[in-house]
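**Q** Return a 3D structure for these sequence lines:
(one chain, ligands or ions: 2)
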Amino acid sequence: MSPYDSDPADRLRADQVLAAAADGEDQAVEAALRPKLLDEFIGQERVREQLSLVLQAARKRGATPDHVLLSGPPGLGKTTLSMIIAAELGAPLRITSGPAIQHAGDLAAILSSLTEGEVLFLDEIHRMSRPAEEMLYLAMEDFRVDVIVGKGPGATAIPLELPPFTLVGATTRAGLLPPPLRDRFGFTGHMEFYAPSELERVVHRSAALLDVQIDPAGAAEIAGRSRGTPRIANRLLRRVRDYAQVRHDGVVDREIAAQALAVYEVDARGLDRLDRAVLDALLRLFGGGPVGLSTLAVAVGEEAETVEEVAEPFLVREGLLARTPRGRIATAAAWQHLGMVPPPQSPRGAVPGQPDLFGGASS
Ligand SMILES: Nc1ncnc2c1ncn2[C@@H]1O[C@H](COP(=O)(O)OP(=O)(O)OP(=O)(O)O)[C@@H](O)[C@H]1O
Ligand SMILES: [Mg+2]
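**A** Residues are numbered from 1 along each chain as shown. Ligands and ions are numbered 1, 2, ... in the order given. Okay, here's the model as predicted:
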């Protein structure tokens, strides 16, 4: 049973927007494309070096490595890295997720069945319940859980020793983790968006695994539209492959990649439907802002969380949208990208990320 079974609606939403990978085939392909060892893992040089030191040192000491927290936007390789950690240690891997742990008892059951040196991957760790979180503090620090026996006033806590294990937590929202939890990780790896040249390597690697013929210009075209995200690069590659096989002879070059991505509404900058819907609403409905996140989300028919976590990080990074204390505002580049002209009188039209924090009063 998958750890996500208890929360299918949530997974589906994230998948629809980011990966369009709700069907089993896409997920199977994604698994097949995962690098298995640290050396195969492309990019993230800093995290890779730091992690490699942590793992090597632990191996040298013959001890289990410190707990590892991986944080960063979706699709950058957190799950992949957790599997690599277990593989590099030659340790068994147990996978679960915050939303799957509703009760502290669920966590106790998992923890008490761990074997020595096992790697426990806890995805979406920021979404764990409070009591489970507190149980985890103790388990991480003292390798102990208190098992509650009985009910009501007669209940007693029986301490249970755990074998040393390594927790690998993953989160897209490191800021939501309570400090006591964050502090119990010996190492935190912050995943960064990938450079286009790194994504080109991802595309070439995946193309080889999928038996797709692609030239460097074709790979660059896909990489440039992948929003700094390997998962998106892999997904776009598969769609381009479909197009190349159905409409052409299966070989991918720059022209074929560009035509295919136009069919799938991924523009030259990598904005997809959701990104453009957000910008479009911001410009057309709210004159470029400022507008609150929830209002913007309603306008595009999405959850605030989806807009904030899926669309905005990319739009902000591209310099198309700015988050300010008064709300979201469009930058001059956003008007330009959608081929629109900011309203002449509006002081909001062309704000290059310099919000007027104090209401503009200088008198
Ligand atoms: N550094 C990398 N090199 C090659 N492929 C990668 C790399 N990072 C990620 N990928 C590919 O991208 C896909 C998504 O990676 P992964 O599932 O690890 O992301 P994630 O950070 O766990 O995302 P989420 O937050 O949505 O769980 C995987 O199929 C993997 O093949
Ligand atoms: Mg993951």
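**Q** does D123 have beta-bridge partners, and which?
**A** With DSSP bridges applied, D123 shows beta-bridge pairing to S97.
**Q** And for V147?
**A** Bridge pairing for V147 - DSSP bridges - gives I158.
**Q** Run a quick neighbour tally on it.
**A** 16 (other CB atoms under 10 Å). The way it works is simple: take the backbone N, C-alpha and C, and place the C-beta from them, glycine included.
**Q** separation between it and ligand 1?
**A** To ligand 1, V147 is 31 Å away according to CB to the nearest ligand atom, to the nearest Å.
**Q** and A195, how many neighbours does it have?
**A** Neighbour number of A195 under other CB under 10 Å is 12.
**Q** can you give me phi and psi for it?
**A** Backbone torsions for A195, taken as degrees, to the nearest 10, come to phi -80, psi 150.
**Q** Make sure I85 is indeed in a helix.
**A** Yes: under DSSP: H, G, I helix; E, B strand; the rest coil, I85 sits within a helix.
**Q** can you pull the contacts of it?
**A** Taking CB atoms under 8 Å, 6 or more residues apart in numbering, we find I85 in contact with L51, L55, P65, V68, V119, T166, V168.
**Q** What helix or strand is A277 located in?
**A** Using DSSP states H and E, the secondary-structure element containing A277 is helix 273-284.
**Q** Downstream of that helix, the next helix or strand is which one?
**A** That would be, after helix 273-284 and using DSSP H and E, helix 293-299.
**Q** quick one: contacts of that next one?
**A** Here helix 293-299 has contacts from V278, A281, L282, L285, F286, E303, A304, T306, V307, E308, G327, R328, using CB under 8 Å, 6+ apart.
**Q** roughly how far is it from the heart of the chain?
**A** 22 Å (CA atoms, centre = their mean, to the nearest Å).
**Q** Please name every helix or strand in contact with the helix or strand just after it.
**A** Heading C-terminal from helix 293-299, the first helix or strand you meet, by DSSP H and E, is helix 304-306. With contacts taken as 3 or more CB pairs under 8 Å, 6 or more residues apart in numbering; DSSP states H and E, helix 304-306 sits against helix 293-299.
**Q** Now go through the contacts of I85 and say which are in strands.
**A** Residues of the contacts of I85 located in strands (DSSP state E): V68, V119, T166, V168.
**Q** bridging residues for the second one?
**A** To tie it back to what came earlier, the one meant is V119. L93, T166.
**Q** Using the three-state scheme, assign the closest residue to P65 other than its chain neighbours.
**A** What sits nearest to P65 in space, not counting adjacent residues and going by CB to CB, 6 or more residues apart in numbering, is A58, at 3.6 Å. What three-state DSSP gives for A58 is helix.
**Q** quick one, helices of the stretch 51-200 of the chain?
**A** 78-89, 104-112, 130-142, 179-182, 196-210 (DSSP state H, counting those that start in this stretch).
**Q** you'd agree P290 is up against R323?
**A** No: the pair P290 and R323 does not pass the contact test of CB atoms under 8 Å, sitting 9.6 Å apart.
**Q** Which one's more surrounded, these two?
**A** With neighbours defined as other CB under 10 Å, P290 and R323 compare such that P290 has more, 21 against 16.
**Q** Now the closest residue to the more buried one other than its chain neighbours. Its backbone dihedrals?
**A** In space, and not counting its chain neighbours, P290 is closest to G327: 3.3 Å by CB to CB, 6+ apart. Main-chain torsions, G327, degrees, to the nearest 10: phi 140, psi -170.
**Q** average pLDDT across stretch 106-114?
**A** In this model, stretch 106-114 has an average pLDDT of 93.
**Q** Likewise for stretch 343-363?
**A** 51.
**Q** Where does the stretch 51-200 of the chain get nearest to ligand 1, residue-wise?
**A** Nearest residue of the stretch 51-200 of the chain to ligand 1: G77, at 2.7 Å (CB to the nearest ligand atom).
**Q** about what we covered before: which elements pack onto the helix holding A277?
**A** Taking 3+ CB pairs under 8 Å, 6+ apart as the contact cut, helix 273-284 packs with helix 293-299, helix 312-317, strand 321-324, strand 327-330, helix 332-337.
**Q** So E309 sits against T171, correct?
**A** No: E309 lies out of contact with T171 (CB under 8 Å); the separation is 11.1 Å.
**Q** if you count what's nearby, which of these two comes out ahead?
**A** T171 (23 against 17).
**Q** give me every residue that touches the more buried one.
**A** L69, L70, S71, E124, I125, H126, L177 are the contacts of T171 under CB under 8 Å, 6+ apart.
**Q** What about ligand 2: which of those residues touch it?
**A** With CB under 5 Å from the ion as the criterion, the subset of these in contact with ligand 2 is empty.
**Q** which one of the residues you listed sits closest to I158?
**A** I125 (25.9 Å; CB to CB).
**Q** Give me the nearest residue to that closest one, chain neighbours excluded.
**A** G169 (3.9 Å).
**Q** Any idea how many residues pack against whatever residue of the chain ends up closest to ligand 2?
**A** Nearest residue of the chain to ligand 2, counting by CB to the ion: T79, 3.1 Å away. By the criterion of other CB under 10 Å, T79 has 20 neighbours.
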